[in-house]
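Enquirer: Coordinates for the following, if possible.
(2 chains)
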Amino acid sequence: MGFQMTWENAQTVFDKLAETYQIYAPKRHVNAGRYSEVDTIQYDRVSRMDEIVWQVKSDYPAKEVLTPIQQAIFYFTEDEYRASKVSEKPILIFARPCDIAAQKVQEKIYLTNGGYEDIYYKRMLDRVKFALMECNGGDDTCFCVSMNTNKTDNYALAFKFSEDGILVKVADESFGTYFDGVAGSDYEPEFVEKNQLEVTIPDLSDPKVRQALKNHPMWDEYNARCISCGSCTVACSTCTCFTTRDIIYGDNPEVGERRRVTASCQIAGFDQMAQQKEFRSTAAARMRYKMMHKFHDYKARFEDSHMCVGCGRCTHRCPEFISISATLNKMNQAVLEIKESLNQGGDK
Amino acid sequence: MNHDINVKKMRINCFRQSKVPGEFMLQMRVPGGMVAAKYLENVKYIADTWGDGNFHFGTRQTFDIPGIKYADIPAVNKYLEDYIKEVDEELCAVDMDIVAGEKQEWNRESGYPTIGARNITGCIGNHHCICANINTYELARKIEPIIFPSHYHIKINISGCPNDCNKAHLADFGIIGVSKIDYHPERCIGCGACARACEHGATRVLSLNEATGKIEKDPCCCVGCGECVRACPTSAWTRREKPLYRVILGGRTGRQTPRTGKMFLNWASEEVILAVLGNWQKFSAWVMDYKPEYLHGGHLIDRAGYKKFKEIILDGVELNPECLVAEDIFWHETEYRSNFNVKPMELHHTAGPVK
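Expert: The predicted structure follows:
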């Protein structure tokens, strides 16, 4: 079932949807950028169809809707506690295919990792439906095609925005009623078939290769370039790491809340243990860890995909112009060298 | 050569006397230090045709072309018509027929009507720079019609941020772009990058509260540079939509009493800056009894005293709610000669209309 709408009647449909759903979409935050007179595009509640930014990729990912940077998980008083509450109203998220694919990775971590289902994630996920935004090609940091995340069928609605109007496909028939009286169309979403960027993922199945890559000098440059700010992982569509923090109300240590707050493997102290010991105490080691996790370790454990959807936001947000695709290329080069050396019987 | 040249008249026309008799250096105004690169062709043409083939970056960001013969000045002035028209009249909306508020028809082929060497300077600002809070040359272009052409002079330097690369601290009226910064604790991950950036590059007003994992700020001493915004990985710090300005007053170099300027206004809006500068001619005219001399800003404030300056310069200015004004200013001068100001009464300068 498909429809075509002018921007005017799109608002009528939006208003009807908003009666039932909390609608989240990429929204322009004026002047919120790192540099002056630069905006950011962030996920936020929207109240008008024309607030939805469809022309460019958002700076921050859709994951913030399900797992906000900061979230109260429970409140405590002496020996009692109660879980935080969330609105009963279901959620509709406008998202590109990469963001929808990323949700699958997040699900894996939050719902299956360690055989434990995270109730705070589950209760959000149960309320969420996706409105696919047909991607207009992304930008020069995207490589979804290489990561097989360019296509999805995980959507209730699909939208193609343009200056002239909006085409819609209703995949979940329960949404049909919102479009009463809207002109029909035979719209089917199209997916990006080619990005400007293509990456290949190095074959790291051989533990000897992995060990050699871990010690390869390719990582050294990041000690000089990476400032360990964590912008990449905050902007990452798939990263799930968080820490918990107990906040005490006023001067009574028995009353307060437990929050979870986004954490980043790129920030010093992430893996600090008792006696201030860290596994990875340099920017290079942290970068190596991130790359190996994204492009080997996750898949080795969960099998179905890598932990990267090729959205390019990490590259886009990095203040030091470190590109994940360029880093992958360097890994490929290093792996080639390592394999040659191993084949020649060299001991690396 | 002609040895009968009125060099003061030449100076007013923006041609500076050379040590070589009969030669002059043209100084072309470039408000905010930014114009289209195509004008470099004009500079080259003047230098090659009438100058000695060289070009100097004027210390106040003018295009300076030395070695122009006195006899060629009318031809140079005629050639300058398009540049002055396009840069001052069109880009900056200057009315060239008004000099210091008085009607005085501009002969378009006669070059600059008043001294232009006190050009408004600017750093590159947020047209390019990752630190800047403001667009420096757009502000310069708004100020230009307020202060030029005029026989009263003021040296204005505009810096895009409190790092002050363009030395607002050494100008009569130094303008620094600042931002009020909002904190969004719900986006803060407590990494402390902003606090480190503030300690390293600004005034150490941020600290990480280990108990809450959030940032605490001493707003009093925040210089509004925006380094916290630049350092934040989550956009938990954002600049307010409208930039604000700090004014550093009375800085100068010179043979007598060089000094750095002191803060006159903080968190002033653009409207306030333009309105204050709108009173500049009035203040200068009052100090010099309506007889302009080749004196600029800080010297006039010395003669009138800061409180008199403040009274005239803020006359009719509606301050924005955030704006703070110095109640008094105590400059610290380098006295090349100790007790420089102690001298016979008859050597004292006067200020204000002579009764």
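
Enquirer: so A:Glu198 makes contact with A:Val145?
Expert: Yes. The pair A:Glu198 / A:Val145 is scored as a contact, 7.2 Å apart, by CB atoms under 8 Å. C-beta here means a position set from N, CA and C on the backbone, and glycine is covered the same way.

Enquirer: At which residues are the helices of chain A located?
Expert: A:7-20, A:63-66, A:97-107, A:119-125, A:207-214, A:221-225, A:231-235, A:283-292, A:298-302, A:313-317, A:324-343 (DSSP state H).

Enquirer: Quick one, which of those gets closest to A:Arg258.
Expert: Ranking those by proximity to A:Arg258 (CB to CB) places helix A:119-125 first, at 10.8 Å.

Enquirer: Run through the neighbouring helices and strands of the closest one.
Expert: Packed against helix A:119-125 by the contact rule (3 or more CB pairs under 8 Å, 6 or more residues apart in numbering or on different chains; DSSP states H and E) you find helix A:63-66, helix A:97-107.

Enquirer: residues in contact with A:Cys308?
Expert: A:147, A:238, A:294-295, A:324 (CB atoms under 8 Å, 6 or more residues apart in numbering or on different chains).

Enquirer: could you dump those residues to CSV with distance to B:Arg252?
Expert: CSV is the format used below for the contacts of A:Cys308 (distance: CB to CB, whole Å):
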residue, distance to B:Arg252
A:Met147, 61
A:Thr238, 58
A:Lys294, 57
A:Phe295, 60
A:Ile324, 51
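
Enquirer: of A:Glu198 and A:Val145, who's got more company?
Expert: Neighbours around A:Glu198 and A:Val145, counted as other CB atoms under 10 Å in any protein chain shown, are more numerous at A:Val145. The numbers are 19 against 11.

Enquirer: Let me know whether the more buried one touches A:Lys194 as I believe.
Expert: Yes. In terms of CB under 8 Å, A:Val145 counts as a neighbour of A:Lys194; the distance is 6.0 Å.

Enquirer: Quick check: residues of chain B near chain A?
Expert: Taking CB under 8 Å from any CB of the partner chain as the contact definition, chain B meets chain A at B:126, B:130, B:132-135, B:177, B:179, B:185-191, B:193, B:211-213, B:226, B:229-235, B:238-241, B:243.

Enquirer: Which of these fall in helices?
Expert: B:193, B:229-231.

Enquirer: Find the nearest non-adjacent residue to the residue of chain B most remote from its centre, please.
Expert: Going by CA atoms, centre = their mean, the residue of chain B most distant from its centre is B:Ala211, 45.5 Å out. The shortest distance from B:Ala211 to any residue other than its chain neighbours is 6.9 Å, reached at A:Ile248 (CB to CB, 6 or more residues apart in numbering or on different chains).

Enquirer: Same check on B:Gly58?
Expert: Using CB to CB, 6+ apart, the closest residue to B:Gly58 is B:Asp64 (4.3 Å).

Enquirer: Correct me if wrong, but the one you found is in a helix.
Expert: No. Judged by DSSP: H, G, I helix; E, B strand; the rest coil, B:Asp64 forms no part of a helix; its state is strand.

Enquirer: shared neighbours of A:Glu198 and A:Val145, anything?
Expert: What both A:Glu198 and A:Val145 touch, as defined by CB under 8 Å, 6+ apart, is an empty set.

Enquirer: mind listing what A:Gln42 touches?
Expert: A:Gln42 touches A:26-27, A:29, A:32, A:58-60, A:64, B:235, counting by CB under 8 Å, 6+ apart.

Enquirer: re the thing from before, now a PyMOL select for only the buried ones of the contacts of A:Cys308.
Expert: The following PyMOL line selects those of the contacts of A:Cys308 that are buried, judged by 16 or more other CB atoms under 10 Å in any protein chain shown:
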select buried, chain A and resi 147+238+294+295+324
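
Enquirer: All the strands of the stretch 101-250 of chain B, residue numbers only.
Expert: Assigned by DSSP state E, counting those that start in this stretch, the stretch 101-250 of chain B shows strands spanning B:102-103, B:121-122, B:156-159, B:173-178, B:181-183, B:206-209, B:214-217, B:237-239, B:244-249.

Enquirer: weakest of these by average pLDDT?
Expert: Per-segment mean pLDDT for the strands of the stretch 101-250 of chain B reaches its minimum on strand B:102-103, at a mean of 90.

Enquirer: Identify the residues contacting that strand?
Expert: Taking CB under 8 Å, 6+ apart as the rule, strand B:102-103 contacts B:Asp97.

Enquirer: give the contact list for A:Met307.
Expert: Counting by CB under 8 Å, 6+ apart, A:Met307 has contacts A:105, A:238, A:293-295, A:298-299.

Enquirer: which among those residues gets closest to chain B?
Expert: Top of the list for closeness to chain B, among the contacts of A:Met307 and by CB to the nearest CB, is A:Thr238 at 16.5 Å.

Enquirer: so which of the strands of the stretch 101-250 of chain B gets nearest A:Leu328?
Expert: When the strands of the stretch 101-250 of chain B are compared by CB to CB, strand B:237-239 sits nearest A:Leu328, at 31.3 Å.

Enquirer: Could you pull up the residues touching A:Arg258?
Expert: Applying CB under 8 Å, 6+ apart, the residues near A:Arg258 are A:72-76, A:244-247.

Enquirer: now with 7 Å?
Expert: Taking CB atoms under 7 Å, 6 or more residues apart in numbering or on different chains, we find A:Arg258 in contact with A:73-74, A:244, A:246.

Enquirer: Where do the helices of chain B begin and end?
Expert: B:7-12, B:39-49, B:73-84, B:136-147, B:193-201, B:227-231, B:270-278, B:280-287, B:297-304, B:306-313.

Enquirer: Show me what the second one is in contact with.
Expert: What it means is helix B:39-49. Contacts for helix B:39-49 (CB under 7 Å, 6+ apart): B:26, B:53-55, B:63, B:65, B:76, B:79, B:83.

Enquirer: Just put these in CSV and tack on neighbour count, distance to B:Leu206 and pLDDT.
Expert: Shown next, in CSV, are those (neighbours: other CB atoms under 10 Å in any protein chain shown; distance: CB to CB, whole Å; pLDDT from 0 to 100):
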residue, neighbour count, distance to B:Leu206, pLDDT
B:Leu26, 27, 49, 98
B:Gly53, 11, 53, 98
B:Asn54, 12, 49, 98
B:Phe55, 17, 45, 97
B:Phe63, 22, 43, 98
B:Ile65, 29, 48, 98
B:Val76, 21, 54, 98
B:Tyr79, 17, 54, 98
B:Tyr83, 19, 47, 98
